[in-house]
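> here is a sequence with its predicted model. Questions after.
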Amino acid sequence: MGSRLLFVAAVAVPSALAAQAKPADSPSVAQFDPKEWEVPFGADTRPRDPYADAEGRVWFVGQNGNYIAYFDNKTGNFKRFEIDAGTNPHNLVVEKGMVWFTGNRNNRLVKLDPATGKLTTYMIPDASVRDPHTMTFDPKSGIAWFTAQGAGTVGRFDPTTGKFRLWKTGDGSRPYGIVLDSRGQPWFDLFGTNKIGTVDLKSLQFRAFTLPNDSTRPRRIAITSDDQIYYGDYTRGFLGHLDPKTGKTEEWRLPLGGRALPYAMTTDDKDNIWVAQNGYSDTPSTLVAFDPKTRKFVADVPVGKKAPNTIRHMTFDKATRQIWFGTDQGAIGKIAVPRAAFVP
């Protein structure tokens, strides 16, 4: 499928609770080179959670279509891998050349060998944890951590031993997005609450930080190189910051405010926080960047059509300086992050 380059005027970007003009010398939309490729397997298969590997392939899951696939960023071709019926993969990660994905409806983590298509299944030992959601790997230890939203569980998995350890986070807590800090400690949203959770690596005890507004519902999460935590408040339309050392928080109203419904998040290699805002019939989805140093929004990139749209997860590929995302409009997309630092 061919790419569709989008040239849509950027909208104004307010700062924390007050209007802020977009920086005159911040990168233009064209500099981000936004592109999308329609997934040939259909939008109803919900292509999502893309992850770029070292070979120029961008892997993604078909959550409703029950498949794993990749888009070849060099040729524009797609390739699909069939998996066990009823898996309904939610998320994947490429780790040491292998593609790992979560079986969101059948209680498992699965490794796919891209060279052979062989699947290796690791069943979660607690049958109640049927819905592993989002997973991530610690590149230093090789340990994987994952959330299970419906089961109210966070898990750790060691691929070398095949052993799991599980922590219950409370009824209705709905653990969702997850990131690891520089020590490999997990931080995750408790989407059913106004809390951010973690598991201390020394004590192996679960702990939750309560966010000040009772209405806050953190959905996805991002982390900077100095281990500062950022989250999107899905119900109120804010970007929030949690200092894990002090427990203090601060927040900034997103450009679309209550209509933003912030979902996907990632961090680039200059520690800008990227957040996806929702799309509407009169407004495309937008990827906005926030600079923690200046505490200002420094970029606003429209993506997709002016129609209802949700970007659920995205990843930054440091090798190519590209952010990859999947859309509910049935596309895999990317933007390029300019090498020059954003100018406030």
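Cool, the structure landed.
> surely Q31 is in a helix?
Yes: assigned with DSSP: H, G, I helix; E, B strand; the rest coil, Q31 falls within a helix.
> next one: phi and psi at the nearest residue to it once chain neighbours are set aside?
Distances taken as CB to CB, 6 or more residues apart in numbering place P338 nearest to Q31, at 5.4 Å, with adjacent residues excluded. Yep, even glycine has a C-beta here, placed from its N, CA and C like the rest. Dihedral pair for P338: phi -60, psi 140, per degrees, to the nearest 10.
> could you count how many residues lie near P338?
17 (other CB atoms under 10 Å).
> A148 now?
28.
> V288 reaches V275, doesn't it?
Yes: if you go by CB atoms under 8 Å, V288 and V275 touch, sitting 5.5 Å apart.
> so which of these two has more stuff around it?
Neighbour comparison, V288 and V275: the larger count goes to V275, with 27 against 24 (by other CB under 10 Å).
> looks like the more buried one contacts F290 (just checking).
Yes: with contact defined as CB under 8 Å, V275 and F290 form a contacting pair (7.0 Å).
> need the overlap of contacts for these two.
L239 (CB atoms under 8 Å, 6 or more residues apart in numbering).
> for I273, see how far away D243 is.
Distance of D243 to I273, given as CB to CB, to the nearest Å: 14 Å.
> my bad, should have said R105
According to CB to CB, R105 and I273 sit 31 Å apart.
> with T249 instead?
Counting by CB to CB, the separation of T249 from I273 is 15 Å.
> more neighbours, these two?
Set side by side, T249 and I273 show more neighbours around I273, with 24 against 18, by other CB under 10 Å.
> and the pLDDT for the more buried one?
At I273, the model reports a pLDDT of 98.
> ok, A340 next?
75.
> next one: G2
39.
> and S26, by the same measure?
At S26, pLDDT is 56.
> got a list of what K168 touches?
Neighbour list for K168: G152, T153, F206 [criterion: CB under 8 Å, 6+ apart].
> would you agree the last one is in contact with L190?
No: if you go by CB under 8 Å, F206 and L190 don't touch, sitting 10.3 Å apart.
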